[in-house]
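Novice: Build me a structure from this.
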Amino acid sequence: MDVRIGIVQSMKEIEVELPDDIDQAAVTVNVEEVLTSQSVLWLTDRKGRRVGIPASRIAYVEFGAPASERRVGFGIS
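Specialist: Just a heads-up that it's a prediction; the model follows:
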């Protein structure tokens with residue numbers, strides 16, 4: 001699962017590829033709890049790296065398919 005996080009007053013996004021077996025509902029609950037408590041959102045990506053984002057800097061959170069599943073271009077299938 002791919003998670004994109006927009007940062008307040010920044011044009012860049014943070015993109016984290018989470019493991020395939022992660023429960024999206026559990027991640028959503030975690031994000032909601034962090035936003036209400038104004039603490040730090042910690043996510044661990046597929047390679048085991050931890051990313052921390054202060055809740056006060058989060059503009060939006062978007063869940064989607066991993067980048068490897070996105071298809072762009074003109075191909076014949």
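Novice: in stretch 36-48, what counts as buried?
Specialist: 41, 43 (16 or more other CB atoms under 10 Å). (Each C-beta comes from the backbone N, C-alpha and C, glycine too.)
Novice: So what touches that stretch?
Specialist: Stretch 36-48 is contacted from outside by 3, 5, 16-19, 27, 30-31, 34-35, 50-56, 58, using CB atoms under 8 Å, 6 or more residues apart in numbering.
Novice: if you set the cut-off to 6 Å instead, what comes out?
Specialist: 16-17, 19, 34, 50-56 (CB atoms under 6 Å, 6 or more residues apart in numbering).
Novice: what's the first-to-last distance across that stretch?
Specialist: End-to-end span of stretch 36-48 (CA to CA, to the nearest Å): 26 Å.
Novice: and that stretch, what's its mean pLDDT?
Specialist: Here stretch 36-48 scores 94 as its mean pLDDT.
Novice: Same question for stretch 24-32.
Specialist: 92.
Novice: picking that back up, give the buried subset of the contacts of stretch 36-48 as a PyMOL selection command.
Specialist: Entered in PyMOL, the line below selects the buried ones among these, by 16+ other CB under 10 Å:
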select buried, resi 16+34+53
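Novice: Now distance to Gly64 and secondary structure too, for the contacts of stretch 36-48, in JSON lines please.
Specialist: Listed next are these as JSON lines, based on distance: CB to CB, whole Å; DSSP: H, G, I helix; E, B strand; the rest coil:
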{"residue": "Val16", "distance to Gly64": "11", "secondary structure": "strand"}
{"residue": "Glu17", "distance to Gly64": "10", "secondary structure": "strand"}
{"residue": "Pro19", "distance to Gly64": "15", "secondary structure": "coil"}
{"residue": "Val34", "distance to Gly64": "19", "secondary structure": "helix"}
{"residue": "Arg50", "distance to Gly64": "21", "secondary structure": "strand"}
{"residue": "Val51", "distance to Gly64": "17", "secondary structure": "strand"}
{"residue": "Gly52", "distance to Gly64": "21", "secondary structure": "strand"}
{"residue": "Ile53", "distance to Gly64": "17", "secondary structure": "strand"}
{"residue": "Pro54", "distance to Gly64": "23", "secondary structure": "strand"}
{"residue": "Ala55", "distance to Gly64": "21", "secondary structure": "helix"}
{"residue": "Ser56", "distance to Gly64": "24", "secondary structure": "helix"}
